[in-house]
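Q: need a 3D model of the following:
(chains A and B)
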Amino acid sequence: MLTSRRLGAAVSVIAASALLAGCAAPSGPVEQSLTFAIEGANLSAGHMDPHSSQLDVSALVGRNVLDSLVAQDTDGSFVPWLATSWEISDDQLHYTFQLRDDVTFTDGEPFNAEAVKANFDHITAEETASAHAASMLGAGAAYVDTTVDDEYTVSVNFSTPYAPFLQAASTSLLGFYSPKVLTESADKLKTGGPDVTVGSGPFILTEYVPDQELVYTANPDYNWGPENAEHTGASDIEDLTIRILPETSVRTGALTSDEVDIATNLTPNTIDQVGDGFTVKSAEYPGIPYSIHVNESYGVFKDPLVREAFSIGFDIDSAVDSIFFGQFQRAWSVLGPTTPNSYDKSLEGSWPYDAKKAGELLDQAGWTERDSEGYRTKDGKRLSARWIAYTPIPDDRAALADVIQSDLKDIGFEIKREALEPAAYNEQYGPRTYDLTDWSFANVDADGLRSHFHTGGFQNASTVSDPELDQLLDDAVATSDESVRTGLYEQVQQWNAKEHLMVPIYVPSLLTGYSDTVKGLTFDLYGRPLFYGASIGAE
Amino acid sequence: MTSSRSAAARLLGHLGGMLLIVWGAATAGFLALKLIPGDPVEVMLGVQAQVSEETKDAIRRDWGLDQPVLVQYAQYLGRLVRGDLGQSYQLRQPVAETIASQAGPTLALTGLAIGFALVLALIAALLVRGRRWNSVVGLLELVLVSSPTFWIGLVLIAVFGFGLHWFPVTSTKGFAALVLPAITLALPIAGILSQVLRQGLEAAATQPFALTARARGIGYARLIGRHTLRHAAGDGITLSGYILGSLLGGAVLVETVFGRAGLGRVTLRAVIDRDLPVVLGIIVVVAVLFAIINLFVDLAHEALDPRLRVAS
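A: Next up, the predicted model:
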């Protein structure tokens, strides 16, 4: 017995020492260091370069390092940043920028007209295989080239007027890398890292562990923030750490237990855990709300009656309200209310849930018979639509799909949903062999609709091809008269309200929680936090 | 003379077996990834990429994806023989580099997890005596084995991280940051190991040699230490080989919950992204590890059980 006790004691000592070693937690936070938790999915899969990646997260982390020509203020107007002024030619084909002459990249390279040209050339180069930035610059439609007028004057030239250009130029997707990086490490930009992700921004990327964290230090020479920034000089935040925490509950817990100062991509079901001492910023995304894209050219949705029946055949209001705890509002238009100069408010309430009318429309379309499972049939064929969705599918969207399936089943409309990995999804998305698919697309300019609705648009999931609609979209992009543009985009929104090729469901918001000790935090128009000007202060 | 020749033959046999395992794993992985649908180039560019077909074809040519499958397979095996694991489609860096840079965190995690699992299993197996305690521990083992790793991780984070602040959750540096993830990974393994160990000990204790030893008057600890544990350990060691293989799967979940870098997450991403070279590289490395572990398991058996040495 004695020996057995001794054995036990030995084991307990081992266990206890392991525990004690674990308790030796690192010391408290250093003054003016800030930790920011993000979801970060896919960043490591070659998405560190905003010039080539279309992901929000690429733009988010890119902003710390890459500066832009101009900045967009919260009211939608543009203010000087690396460009002190700009002129748009009368035919709206040439944008000429006067550049600051006191800007250097953090590797010592000077910022000048050549640097702007090198970056825009990089974005539009075939090898870059840009998924989004090139089209934002107008490549493929309007962009011609960038020319160096003199050392600090640069012109961007278009073949047709391209109104969204300034907006695009204000994003980190058209931000500037050091020209040296573009010549020496262009092939490493997608992977990113210190010495590769080098710009002129307020922060310098000093350490990058993929899937884990990005560590930045303040750029000590920085003195060229956008004109609307209240802060001047180097950032007060000396160390900025971005932690990648894919689990929402972990991000929320990390925030509330003070392990991080800011956490974003929070979800409506976790923000009620964020209590006193924290602020939750909810910013509605501009652009296309979360919508179901109805494929016009494939199956049952060729018939406009079936499309209309689908759009009013399920109860969006109650589904959105219950699934998102009242945090997100139901969408009525293919543009979110915060999209500058374009939202058509008159659509609100114009197509409410009406199962009875949906049933009548389906009767009218000839789907009058019923099969043994209660689904409608016509000529012996079941009224059925296949909905493809790419994984990972968030729980709330899965719940939404369940509601939609169940409501439509009540009117005899079968919805089959297939969750596909991105690779398998592409197999179907390419040739458009599906009836329905879903996504939202944040964009500060309503021109995001062009890629979705224009004939051959790269996000045209509905396979829309309508010359009149193409004309509206082309006209809207070719004028910089805001009231004319607004009128044109209202017509596009009205068009969809008649055609039902996109069924808007809810307006997603970026939910970002931060501790009250964080001062001076600002947000861009997408609701993404900007750290230049932020500081840590006592409460 | 004869014994050294037979040892050499045994070693050759082991090596041949290892090669066979690695080739089989590499081939199975290659086939599996070719059979599941999805074009790696489409995935590489992103779901909504606006890129011309010519660009896509150029990328396909760059990676040799326009070649017939058999040619791709032959090229792949050829590179493998030369020790070249190829280049990742997504990460745009050599696969060997990817694996080398991600192996460290995963090895630290799994190594500590095995340590914790062994300690916990030994505590349970050696200290728990008596029917009532046996059933309590048995129930505990069952709970641990059947709980999802993901959930265990979240519970541990909530209690010991965010609740008690004993361990940092969002820091990834230092030993303290490794404890919770390692325990998460260790608990289900400890459950299995302790089950096997306890049953082995019980079975050994009823053997005639144990009775004889007890009759000679040796104490419980000495009986376990010198006799029954050696018997029970045999099954445990065999099982450890299997468990080591399952660690990578567990690491995927643990690395995701705790936001840690590592091979687990790289593997998951690579499979989702159809990043063939990375997936195959990891399969080959794991197969080699497996083969080595198997070798050690065999050797450990021989060391523990003198009868095996005589028989061979």
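Q: from here on, contacts and neighbour counts on C-alpha atoms
A: Will do.
Q: show the contacting residues for the residue of the stretch 151-300 of chain A found nearest chain B.
A: Of all residues in the stretch 151-300 of chain A, A:Leu245 sits closest to chain B, at 4.6 Å by CA to the nearest CA. Residues in contact with A:Leu245, defined by CA atoms under 8 Å, 6 or more residues apart in numbering or on different chains, are A:37-40, A:212, A:251, B:170, B:256-259.
Q: which SS class is B:Leu154?
A: Secondary structure, DSSP: H, G, I helix; E, B strand; the rest coil: B:Leu154 is helix.
Q: can I assume it is in contact with B:Gly259?
A: No. Between B:Leu154 and B:Gly259 there is no contact under CA atoms under 8 Å: 11.9 Å.
Q: those two - which one has more neighbours?
A: Between B:Leu154 and B:Gly259, B:Gly259 has the larger neighbour count (other CA atoms under 10 Å in any protein chain shown), namely 27 against 18.
Q: isn't the more buried one up against A:Pro210?
A: No. With contacts defined as CA under 8 Å, B:Gly259 does not count as touching A:Pro210, sitting 10.2 Å away.
Q: for the residue of the stretch 151-300 of chain A closest to chain B, which non-adjacent residue is closest in space?
A: B:Gly259 (4.6 Å; CA to CA, 6 or more residues apart in numbering or on different chains).
Q: can you give me the pLDDT of that neighbour?
A: On the pLDDT scale, B:Gly259 is placed at 84.
Q: how about the contacts made by it?
A: Counted by CA under 8 Å, 6+ apart, B:Gly259 has contacts A:211-212, A:243-247, B:170.
Q: gap between the helix or strand that contains B:Thr27 and the chain center?
A: According to DSSP states H and E, B:Thr27 maps onto helix B:2-35. Relative to its chain's centre, helix B:2-35 lies at 18 Å (CA atoms, centre = their mean, to the nearest Å).
Q: output the below-cut-off pLDDT ranges for the stretch 1-150 of chain B.
A: B:1-5, B:37-38, B:43-52, B:55, B:129-130 (pLDDT under 70).
Q: from the contacts of B:Gly259, which land in helices?
A: Among the contacts of B:Gly259, no residue falls in helices (DSSP state H).
Q: now render those as a markdown table, adding pLDDT and distance to A:Val198.
A: Rendered in a markdown table, the data for the contacts of B:Gly259 read as follows (pLDDT from 0 to 100; distance: CA to CA, whole Å):
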| residue | pLDDT | distance to A:Val198 |
| --- | --- | --- |
| A:Asp211 | 84 | 20 |
| A:Gln212 | 88 | 20 |
| A:Arg243 | 94 | 20 |
| A:Ile244 | 92 | 21 |
| A:Leu245 | 91 | 24 |
| A:Pro246 | 87 | 26 |
| A:Glu247 | 87 | 29 |
| B:Thr170 | 73 | 26 |
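Q: which one of these is nearest A:Trp81?
A: Within those, the smallest distance to A:Trp81 is 28.3 Å, found for A:Arg243 (CA to CA).
Q: hey, what's that closest one bridged with?
A: Here A:Arg243 sits in beta bridges with A:Ala37, A:Glu213, going by DSSP bridges.
Q: list the contacts of it.
A: If you count contacts by CA under 8 Å, 6+ apart, A:Arg243 has them with A:35-38, A:212-214, B:170, B:259.
Q: before we move on, the earlier item: how about the contacts of A:Leu245 in CSV, adding distance to B:Gly24?
A: Shown next, in CSV, are the contacts of A:Leu245 (distance: CA to CA, whole Å):
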residue, distance to B:Gly24
A:Ala37, 42
A:Ile38, 40
A:Glu39, 37
A:Gly40, 35
A:Gln212, 33
A:Arg251, 41
B:Thr170, 39
B:Thr256, 29
B:Val257, 32
B:Phe258, 33
B:Gly259, 33
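Q: tally of neighbours for residue 73?
A: Picking chain A for this. A count of nearby residues for A:Asp73, using other CA under 10 Å, gives 16.
Q: should've been chain B
A: There are 16 residues near B:Tyr73, going by other CA under 10 Å.
Q: element containing it, please.
A: helix B:69-81.
Q: what's the nearest residue to A:Ser535 if we skip its chain neighbours?
A: The nearest residue in space to A:Ser535 (CA to CA, 6+ apart) is A:Lys519, at 5.2 Å.
Q: so that neighbour is in contact with A:Phe531, correct?
A: No. With contact taken as CA under 8 Å, A:Lys519 and A:Phe531 are classed as non-touching, separated by 10.0 Å.
Q: so these two - more neighbours on which side?
A: The neighbour comparison of A:Lys519 against A:Phe531 (other CA under 10 Å) goes to A:Phe531, with 22 against 16.
Q: contacting residues for the more buried one?
A: A:64, A:235, A:237, A:521-522.
Q: burial check on B:Leu35, number of neighbours?
A: 9.
Q: spell out which parts of the stretch 401-539 of chain A neighbour chain B.
A: A:421-427, A:458-459 (CA under 8 Å from any CA of the partner chain).
Q: same thing but 6 Å
A: A:423-424, A:427, A:458 (CA under 6 Å from any CA of the partner chain).
Q: list buried residues within these.
A: Buried by 16 or more other CA atoms under 10 Å in any protein chain shown: A:423-424, A:427, A:458, out of these.
Q: okay, these in JSON lines with pLDDT and secondary structure next?
A: Below are those laid out as JSON lines (pLDDT from 0 to 100; DSSP: H, G, I helix; E, B strand; the rest coil):
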{"residue": "A:Ala423", "pLDDT": "77", "secondary structure": "helix"}
{"residue": "A:Ala424", "pLDDT": "82", "secondary structure": "helix"}
{"residue": "A:Glu427", "pLDDT": "83", "secondary structure": "helix"}
{"residue": "A:Phe458", "pLDDT": "79", "secondary structure": "coil"}
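Q: thinking again about what came up before, and of the contacts of A:Arg243, the nearest to A:Ala129?
A: Lowest distance from A:Ala129 to the contacts of A:Arg243 (CA to CA) belongs to A:Leu214, with 24.6 Å.
Q: how many neighbours does the closest one have?
A: A:Leu214: 21 neighbours (other CA under 10 Å).
Q: could I get the full set of helices for the stretch 251-400 of chain A?
A: A:304-312, A:316-323, A:355-364, A:395-410 (DSSP state H, counting those that start in this stretch).
Q: can you read off the pLDDT for the nearest residue to A:Arg376 once chain neighbours are set aside?
A: Leaving aside its sequence neighbours, A:Arg376 sits nearest to A:Arg370 (CA to CA, 6+ apart; 4.4 Å). At A:Arg370, the pLDDT value in this model is 93.
Q: repeat that for the one 10 residues further on.
A: Note on A:Gly380: pLDDT of 91.
Q: which residues of chain A lie near chain B?
A: A:4, A:22-23, A:45-46, A:131, A:191, A:211-212, A:244-245, A:247, A:257, A:423-424, A:427, A:458.
Q: low-confidence stretches in chain A?
A: Within chain A, the segments meeting pLDDT under 70 span A:1-31, A:538-539.
Q: circling back: what residues of the helix holding B:Tyr73 count as buried?
A: B:72-73, B:76-77, B:80.
Q: can I get the buried ones among the residues of the stretch 401-539 of chain A next to chain B in JSON lines with distance to B:Pro105?
A: Below are those laid out as JSON lines (distance: CA to CA, whole Å):
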{"residue": "A:Ala423", "distance to B:Pro105": "28"}
{"residue": "A:Ala424", "distance to B:Pro105": "31"}
{"residue": "A:Glu427", "distance to B:Pro105": "35"}
{"residue": "A:Phe458", "distance to B:Pro105": "40"}
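Q: between all of those, which two are separated the most?
A: Taking CA to CA, no two of these sit farther apart than A:Ala424 and A:Phe458, at 18.1 Å.
Q: which residues of the stretch 201-312 of chain B fall in helices?
A: Under the criterion DSSP H, counting those that start in this stretch, the stretch 201-312 of chain B carries helices at the ranges B:208-215, B:220-223, B:229-257, B:263-272, B:276-304, B:306-311.
Q: lowest average pLDDT across the ones you listed?
A: Mean pLDDT is lowest for helix B:306-311 out of the helices of the stretch 201-312 of chain B, coming in at a mean of 61.
Q: hmm, back to that, can you select the buried ones from the contacts of A:Phe531 in PyMOL?
A: Buried subset of the contacts of A:Phe531, written as a PyMOL selection, criterion 16+ other CA under 10 Å:
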select buried, chain A and resi 64+235+237+522
